[in-house]
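Participant: Pasted the sequence and its predicted model underneath.
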Protein chains: 2
Amino acid sequence: MTVQPNETHDVSLRSWVASANQTGTDFPLQNLPYGVFRRQGSNQAFRIGVAIGDQVLDLAAAHAAHAFAGYTELQGGHFTNAVNASNLNALMGLGAPVWSALRLALSRVLREGASQQGALQACLLAQGAAEFALPAQIGDYTDFYTSVHHATAVGKLFRPDNPLLPNYKWVPIGYHGRASSIGVSGQQFRRPVGQTKPPTSDTPVFGPAKRMDYEMEIGIFVGPGNALGDVINMDKAESHIFGLCLLNDWSARDVQAWEYQPLGPFLAKNFASTISPWVVTLEALAPYRHAWTRDAEDPQPMAYLDTPDLRESGAFDIQLEVLLQTEKMRSDGAPAERLSLSNFRHSYWTIAQLVTHHTVNGCNLNPGDLLGSGTQSGPLAEEAGSLLELTEGGKKALTFSNGEQRIFMEDGDAIIMRGWAQKEGCARIGFGEVVGTLLPART
Amino acid sequence: MTVQPNETHDVSLRSWVASANQTGTDFPLQNLPYGVFRRQGSNQAFRIGVAIGDQVLDLAAAHAAHAFAGYTELQGGHFTNAVNASNLNALMGLGAPVWSALRLALSRVLREGASQQGALQACLLAQGAAEFALPAQIGDYTDFYTSVHHATAVGKLFRPDNPLLPNYKWVPIGYHGRASSIGVSGQQFRRPVGQTKPPTSDTPVFGPAKRMDYEMEIGIFVGPGNALGDVINMDKAESHIFGLCLLNDWSARDVQAWEYQPLGPFLAKNFASTISPWVVTLEALAPYRHAWTRDAEDPQPMAYLDTPDLRESGAFDIQLEVLLQTEKMRSDGAPAERLSLSNFRHSYWTIAQLVTHHTVNGCNLNPGDLLGSGTQSGPLAEEAGSLLELTEGGKKALTFSNGEQRIFMEDGDAIIMRGWAQKEGCARIGFGEVVGTLLPART
């Protein structure tokens, strides 16, 4: 099930929210991503919002103002409860026909000339005056490993003789991550403390991690789930995906190297992960579907991971940018500097393949579960989605315009990730950004 | 913080619930484990219950009958809400002083001669007339790997030259598991389907897993959690543990062998895990604390994993039994047959060490989180907690008294796990059992 571009994608559409019509906005009328917000400093419950230009539309208030009257999918107690919730889980669970009707309704009432403008003006809050919470209560978080370029580069560092393991091109490798420590953009967290083993010793030492890193990922929010024992087949997989966000999977490389065998990363990752406040729907991204390719020598996907439209349009063309801002840059008023620019279309596995693979054994997904794509590194060195790769395992320092250098992160460093889809003849679909800051270790 | 034996542990205590005084019961007055139940076939909400003999005491009903009057820790809205909940999360979050007061109150009102007998008789339901739900809503599930005997035996099969990895004796190895597919005793699940690679081929095949196995584990339910960034130190770790249960971590060994590198087990484990309905409190187990030892040549634990009473009483003496009942045994009315008998005291890491290690990097735990101990295999071959070990990697069939043989599980097989602590001069503290049945793969 793939949503085709429709009326809501028309690049000529303009909104009565003037900022949504500005060149370069992440949130034009054609995007309409969902988040969870409240007025900054308020102690009220969080509410569901839709980004439009530099504003947030309060979804429950819009519903109360009859913005969605006349859509049969948007009536009844389930829908009303879902839009009045303090997270997106229930809306995620309602499924694609509801999401699609809601998008159409929002597109129409926010258009220039809409009769609802007067009523809805009061349902807007400037994004700058809002604070955001996690979009959903994340029941389970799974992280995949879908960039073959990342897997190869990291594999070279950990296993020089055997960089890419024999299963990689057959199995969408994934593992379970920690849900409790996922935070929303703005998250600040202490440098983790733990065991690491110096290369020159047989005995580990205990202290703050020294090789602190980020990972640039796409997060995938699950919509309707499946019952335990049921499989979500490829042709239905995307109807179980509510949308995508940006995800920074912070990693302590020295902790990881010592702990990860044989059961995978644990304390190296579970101290924090940060996601963007906005979840961009697959329907908004429909114009940016992209061909999914395999190298000629690569195996074709096994039948359960294949589908007729996989090669034509299984991937998404989404630019992914990572920037770093040191404490000194901040205090000097200097902007963050770019570390890398890559694209999600390089992913070796598609989001539909991740959902199908995850459930092929009967594992049950629930609305609001989060899947991570794994670090998105492209084929070129400057497209690497982590410091581990950019610094060639910590051997090559990066130098910034103020002369500061980095191998791994230093205390006070902020990492800013941005994502957007853009091309001629289509509206720009942005993800906003996800920012996270490393604080000194607890003493 | 270690609870000392007190009035509630007195072996001479008898209950007015006659079945609680019978020799061999898992649930004498000295145990008082918690679960979540309702009348079988009812469609009412689940309620918190306490096992006593062959009965369940309805905790909210007992509270309404003023069973806990006179205990300052057991008053107020938080306590009332916690006992009236449909899972144990809130009670788990209230902390050790409340748990301890509640245990004392329950011990007194259920004793022979208690004035509350008349009022509480109406709060009992026969366990045989009850159905059970998961004791808690499990936010995050972490599985450890605390049996050095299991790690060595499995390591020999997967890595003959390198059975026990260099980090094992330093790091309590753990990884995140799937919370959504954890079920309560009685769970039936389909044989998972997935990719496996025959040893004779470079190419994987797709189909039902052939090497289906169980893992005998202890589950550890977290009580009060910690804020992100805070550490739970060893001296406080046990006050963050509500209690223990039995856990069967089902495993598809052939899926595991193909998928597990480099990020650990995923589809090989996340199709189902099954726990016992009853959670036994650490206070009930106080008489069964056991010395924790290391071999002379082993490294001592790093300072953050050490504590003055670790060696004297860090471990628990809990017998762990695994039985198998084939479909034929069931239809012939033949009993299940024992596969192994081991003991939790062999664990290389203590439950306090697991909590401290999990949080040393600032990872936050929440009430109702579940930690698995990992497969509990003892030093002897017949103490192995999985078929993989008992059959030496699938090379040696097990023969049952009706002539049936098993290498791995066959469709229709039920695995029954039991746990209990017992010694002269103390009441038997039982865990009841956890049963799970393998159904044929989906076709």
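Facilitator: Ah, there it is. This is a predicted model, so every value here is computed, not measured. Numbers count the residues shown, from 1 in each chain, chains lettered A, B, ... in the order given.
Participant: Count the residues that sit near residue A:401.
Facilitator: Neighbour count for residue A:401, taken as other CB atoms under 10 Å in any protein chain shown: 9. Heads up, the C-betas are built off the backbone N, CA and C, glycines and all.
Participant: Contacts only, for it.
Facilitator: A:334, A:337 (CB atoms under 8 Å, 6 or more residues apart in numbering or on different chains).
Participant: Could you look up the SS state of it?
Facilitator: What DSSP: H, G, I helix; E, B strand; the rest coil gives for residue A:401 is coil.
Participant: swap in residue A:283?
Facilitator: Residue A:283 is classified as coil under three-state DSSP.
Participant: ok, it - contacts?
Facilitator: By CB under 8 Å, 6+ apart, the contact list for residue A:283 reads A:3, A:8, A:99-100, A:103.
Participant: Could you report the pLDDT at the spatially closest residue to residue A:61 that is not a sequence neighbour?
Facilitator: Nearest non-adjacent residue to residue A:61, counting by CB to CB, 6 or more residues apart in numbering or on different chains: residue A:123, 4.0 Å away. Residue A:123 is assigned a predicted lDDT (pLDDT) of 98.
Participant: is it true that residue A:123 touches residue A:56?
Facilitator: No. Counting by CB atoms under 8 Å, residue A:56 is not a contact partner of residue A:123; they are 9.1 Å apart.
Participant: Neighbour count for these two, which is higher?
Facilitator: Using other CB under 10 Å as the criterion, residue A:123 and residue A:56 rank with residue A:56 on top: 28 against 22.
Participant: distance of the more buried one from residue A:277?
Facilitator: With the distance defined as CB to CB, to the nearest Å, residue A:56 ends up 10 Å from residue A:277.
Participant: Overlap of the contact sets of the two?
Facilitator: Common neighbours of residue A:56 and residue A:277 (criterion: CB under 8 Å, 6+ apart): A:35, A:37.
Participant: The stretch 51-200 of chain A against chain B: which residues are in contact?
Facilitator: Where the stretch 51-200 of chain A comes near chain B, counting by CB under 8 Å from any CB of the partner chain, the residues are A:139-140, A:142, A:145, A:155, A:158-159, A:165-167, A:170-171, A:173-181, A:183, A:189-190, A:192-195, A:197.
Participant: Let's see which of those end up in strands.
Facilitator: A:142, A:174-177, A:183, A:189-190, A:193-195 (DSSP state E).
Participant: Find the closest residue to chain B in the stretch 301-443 of chain A.
Facilitator: Nearest residue of the stretch 301-443 of chain A to chain B, counting by CB to the nearest CB: residue A:361, 3.6 Å away.
Participant: and that residue, that's in a strand?
Facilitator: No. Assignment of residue A:361 by three-state DSSP gives coil, placing it outside any strand.
Participant: so it touches residue B:193, yeah?
Facilitator: Yes. Using CB under 8 Å, residue A:361 makes contact with residue B:193 at a distance of 6.1 Å.
Participant: Could you list the domains of chain A?
Facilitator: Following automatic domain parsing, one gets these domains for chain A: A:7-132, A:141-439.
Participant: residues touching residue A:287, list them.
Facilitator: A:5, A:9, A:421, A:423, A:426-427, A:429.
Participant: Any of those residues buried? List them.
Facilitator: Buried members of the contacts of residue A:287, scored by 16 or more other CB atoms under 10 Å in any protein chain shown, are A:9, A:421, A:426-427, A:429.
Participant: hmm, which two among those are most spread apart?
Facilitator: Greatest spacing in the buried ones among the contacts of residue A:287, by CB to CB: A:9 and A:421 (11.6 Å).
Participant: helix/strand/coil for the residue of the stretch 201-350 of chain A at minimum distance from chain B?
Facilitator: In the stretch 201-350 of chain A, the residue that lies nearest chain B is residue A:264 (2.7 Å; CB to the nearest CB). What three-state DSSP gives for residue A:264 is coil.
Participant: and it, what does it touch?
Facilitator: A:175, B:175, B:260, B:262-265.
Participant: Need the pLDDT of the spatially closest residue to it that is not a sequence neighbour.
Facilitator: Spatial nearest neighbour of residue A:264, excluding adjacent residues (CB to CB, 6+ apart): residue B:264 at 2.7 Å. Listed pLDDT for residue B:264 reads 95.
Participant: Got phi/psi on residue B:264?
Facilitator: Main-chain torsions, residue B:264, degrees, to the nearest 10: phi 100, psi 180.
Participant: so what's the closest residue to residue A:313 other than its chain neighbours up against?
Facilitator: Closest residue in space to residue A:313, ignoring its immediate chain neighbours: residue A:289 at 3.9 Å, by CB to CB, 6+ apart. Residue A:289 makes contact with A:2, A:313-317 under the criterion CB under 8 Å, 6+ apart.
Participant: The strand ranked longest in chain A pairs with which strands, and in what direction?
Facilitator: If you go by DSSP E, chain A has its longest strand at strand A:429-439. Counting by DSSP bridges, the strands paired with strand A:429-439 are strand A:187-190 (parallel), strand A:414-421 (antiparallel).
Participant: Deepest in the core, which of these is it.
Facilitator: strand A:414-421 (a mean of 24; mean count of other CB atoms under 10 Å in any protein chain shown).
Participant: just the strands in the stretch 201-350 of chain A please.
Facilitator: With DSSP state E, counting those that start in this stretch as the criterion, the stretch 201-350 of chain A has strands at A:205-208, A:212-213, A:216-222, A:241-248, A:251-252, A:273-275, A:280-281, A:289-290, A:315-316, A:319-325, A:337-343.
Participant: Just checking: what are the partner strands of the last one?
Facilitator: Put plainly, it is strand A:337-343. For strand A:337-343, sheet partners with direction are given as strand A:319-325 (antiparallel), following DSSP bridges.
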